[in-house]
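In: Show me the folded form of this:
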Amino acid sequence: MLPCLRKYLGGMEKEEKAVLSSLPKLDARVRPYQDPSDRPTKLVAFAELMIADAFVIKGIRVLKKAEPGNDEPFVVFPAEKGKGATADRWFDLAHPVTAEARSAAIGLILKEYAKVGK
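Out: Predicted structure coming up:
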């Protein structure tokens, strides 16, 4: 298990597992990304999150920090840059609302990335 997965899945209490089991069914598809120019990049994969076999979120990115020694992957949900007076801010397009849903989604995406990203 990736160390970053333990943060999201490890050490869950019985009550937390019950809350996660009440969430809709989640499924993730992860596609590794290779920059065609072979330049170093933080982007390592793209992901899609299917919710309850009825709704999909595309454009989820799996990134790695550019810091030496800290290359654990993390998940970024789709966002767009603001316009006009808010041009310096980013706004989420789709994201989990609750902490439990966020943990379940990120954990699943990182688990799938661990399978295909190596």
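In: which residues of the protein fall in strands?
Out: Taking DSSP state E as the test, the strands found in the chain are 26-32, 43-51, 55-64, 73-76, 79-81, 90-92.
In: For the longest one, enumerate the helices and strands it packs against.
Out: The helices and strands touching strand 55-64, judged by 3 or more Cβ pairs under 8 Å, 6 or more residues apart in numbering; DSSP states H and E, are strand 43-51, strand 73-76, helix 99-116. Bear in mind the C-beta positions are built from the backbone N, C-alpha and C, glycine included.
In: now those in JSON lines, with mean pLDDT and mean neighbour count?
Out: Formatted as JSON lines, the helices and strands packed on strand 55-64 follow (pLDDT from 0 to 100; neighbours: other Cβ atoms under 10 Å):
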{"stretch": "strand 43-51", "mean pLDDT": "94", "mean neighbour count": "18"}
{"stretch": "strand 73-76", "mean pLDDT": "92", "mean neighbour count": "19"}
{"stretch": "helix 99-116", "mean pLDDT": "92", "mean neighbour count": "18"}
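In: about what we covered before: switch the strands of the chain over to JSON lines; also include distance to I106.
Out: Output for the strands of the chain, formatted as JSON lines (distance: least, Cβ to Cβ, whole Å):
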{"stretch": "strand 26-32", "distance to I106": "10"}
{"stretch": "strand 43-51", "distance to I106": "10"}
{"stretch": "strand 55-64", "distance to I106": "9"}
{"stretch": "strand 73-76", "distance to I106": "5"}
{"stretch": "strand 79-81", "distance to I106": "15"}
{"stretch": "strand 90-92", "distance to I106": "14"}
